[in-house]
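Enquirer: Everything below, folded, please.
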Amino acid sequence: MKLALNLIGGIAVVLAILGVFLPLLPTTPFLLLASACFARGSTRLHHWLLTNRMFGEYIRDYEQGRGIPLRGKVTALAMLWASIGYSAFTVGSTGLIALLVSIAVGVTIYLCAFVPTMRTA
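Expert: Below is the predicted model of the structure:
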């Protein structure tokens, strides 16, 4: 089980890094997934992720309950709805469109209602 969690975490890190450069690929959800996997699969990899100079601060803030910066939330939601809108436009299947919109609504509710917005000084 730990091997599977570490593998999924590693793939999530790669996708997060790609998300830094590709506008429609979100970075934050993949980092959070990687952190959750590494926390259960490898304390060494989880520590590496938390101390990473590029991603560590964001993950530590989230895990310590400080939340996500407003700019990050707005960017994540804008990218989410842009990619869902594009996908819904291209798939053409009413069932798939309903599924995509349901997922986007769920993520939006989660980010807005349950994830704190970090206050910047």
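Enquirer: residue boundaries of the strands in this protein?
Expert: Ranges of strands within the chain are 68-69, 117-118, based on DSSP state E.
Enquirer: hey, which of those is tucked in deepest?
Expert: Neighbour counts averaged per stretch over those are highest for strand 68-69, at a mean of 18; criterion: mean count of other CB atoms under 10 Å. From N, CA and C alone the C-beta is placed, and that goes for glycine too.
Enquirer: Arg40 contacts Leu3, correct?
Expert: No. Under the criterion of CB atoms under 8 Å, Arg40 makes no contact with Leu3, lying 11.7 Å away.
Enquirer: Flag the shaky bits of the chain, pLDDT-wise.
Expert: 23-24, 120-121 (pLDDT under 70).
Enquirer: Can you pick out the residue with more neighbours from Arg40 and Leu3?
Expert: Arg40 (14 against 9; other CB atoms under 10 Å).
Enquirer: middle-most residue in the chain, spatially?
Expert: Nearest to the mean C-alpha position of the chain, by CA atoms, centre = their mean, lies Pro29 at 0.8 Å.
Enquirer: For that one, which non-adjacent residue is closest in space?
Expert: Once flanking residues are discounted, Pro29 sits nearest to Ala76: 7.7 Å by CB to CB, 6 or more residues apart in numbering.
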